[in-house]
Every structure is written in structure tokens, then in C-alpha cells.
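>>> following is a predicted model, sequence given first.
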Amino acid sequence: MSEPKAEHNPKRGDFTDRFVKSLAKSARAMSKLLPIIIGALLLVSLFNSLIPKSFYIRFFRKSLLVDPIIGSVIGSVSAGSPLTSYILGGEFLKNGVSLGAVTAFLVAWVTVGMIQLPAEIMILGRRFAIARNVTAFILAILVGIFTMLVMRIV
């Protein structure tokens with residue numbers, strides 16, 4: 001008596017082929033994006049090392065509306081890692097910058113990426129990248145204002 005043959009599963013082969021093709025396509029896309037990502041990281045590092053912390057402190061005026069806007073603008077342009085932003089935020093608070101400004105700065109620092117915008121446009125598309133950054137910028141201002149109101153610091 002002969003043993004039954006193992007059935008050939010065409011879906012398994014299709015999956016492997018699709019996986020290999022998508023892996024190759026992803027590798028090609030990453031190789032194109034790598035120079036842009038490295039450039040963005042270098043630019044962020046350059047901004048962080050060239051602009052002293054005392055530079056930021058001059059712009060804040062202890063205003064409920066103006067400080068969060070200024071904090072968001074500076075945070076948007078500066079961009080960086082959350083760990084660095086917490087250190088900067090602590091330094092700002094020690095030097096008399098308002099909590100609303102610091103909060104807006106921290107939120108914008110981490111969520112808005114003007115420096116990374118070209119890479120983000122290339123990866124996510126122009127419309128989505130700009131909409132995401134504008135939304136994050138506005139929300140950073142609102143979070144700064146609401147933080148001051150909730151903490152009753154006005």
C-alpha cells in the first residue's frame with residue numbers, strides 16, 4: 001500500500017514570494033531614505049549644540065497666551081529627544097520661564113518636527129505630514145494654556 005502524498009499548499013509559496021518581494025521593496029525604500037534620516041538627525045544635533053539654553057529664556061514674558069505660542073515655535077524648530085527636553089524644561093523652570101511656555105515647548109519639541117519635515121513628507125506624503133505638524137503645533141499651544149489654567153498659574 002502506498003502512503004498518501006503530502007498535499008502541496010500553493011498559499012504557502014505565495015506568502016513566501018510576497019514576503020521576499022516586500023522585504024526587498026522595503027530595503028530599497030530604506031536605502032533611499034537613510035541619507036535624509038541621517039541628515040535630519042545631524043541637523044537636530046547641530047541645533048541642540050549651537051543654541052545655548054539662555055537663548056530661549058529671553059523670549060518668554062509670563063503671559064497666558066503669548067508664552068505657549070513662543071514655546072511652541074521654539075520647540076517646533078528645535079526638535080529633539082524626550083529625555084533632552086525634560087532636562088531643558090527643568091532648566092527653563094529654574095530660570096523663571098512660565099510653566100505654560102515650558103509645557104508647550106516640551107510638547108512641540110517632541111511632536112512637531114520642522115527639521116524632520118522633508119523626511120516625513122517623503123515617507124508619509126506632503127498633505128499628511130503638514131496636517132500632522134500643524135495639528136501638533138496647535139495642540140502644543142493648547143496644552144500649554146490648559147496646563148497653566150489647571151494649575152491655576154495665571
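Thanks, I have it. Residues are numbered from 1 along each chain as shown.
>>> mind checking how far Arg127 is from Ile87?
Using C-beta to C-beta, to the nearest Å, Arg127 is found at 35 Å from Ile87. Glycine gets a C-beta too; all of them are placed from N, C-alpha and C.
>>> who's more crowded, the two?
Higher neighbour count among Arg127 and Ile87: Ile87, with 12 against 9, using other C-beta atoms under 10 Å.
>>> so where's this protein uncertain?
Low-confidence segments of the chain (pLDDT under 70): 1-13, 40-41, 44, 47-48, 53-54, 56-57, 79-80, 83, 154.
>>> find the nearest non-adjacent residue to the residue sitting nearest the centre point of it, please.
Residue closest to the average C-alpha location in the chain (C-alpha atoms, centre = their mean): Thr111, at 4.0 Å. Using C-beta to C-beta, 6 or more residues apart in numbering and skipping the chain neighbours, the partner closest in space to Thr111 is Ala136 (4.0 Å).
>>> quick one, what contacts the one you found?
Counting by C-beta atoms under 8 Å, 6 or more residues apart in numbering, Ala136 touches Val107, Ala108, Thr111, Val112.
>>> so which of the residues you listed wins on neighbours?
Ala108 (30 neighbours).
>>> tell me, how many residues neighbour Leu142?
Neighbours of Leu142 (other C-beta under 10 Å): 14.
>>> roughly how far out does the strand or helix carrying Ser85 sit from the chain middle?
Taking DSSP states H and E as the criterion, Ser85 maps to helix 82-94. Helix 82-94 sits 17 Å away from the centroid of its parent chain (C-alpha atoms, centre = their mean, to the nearest Å).
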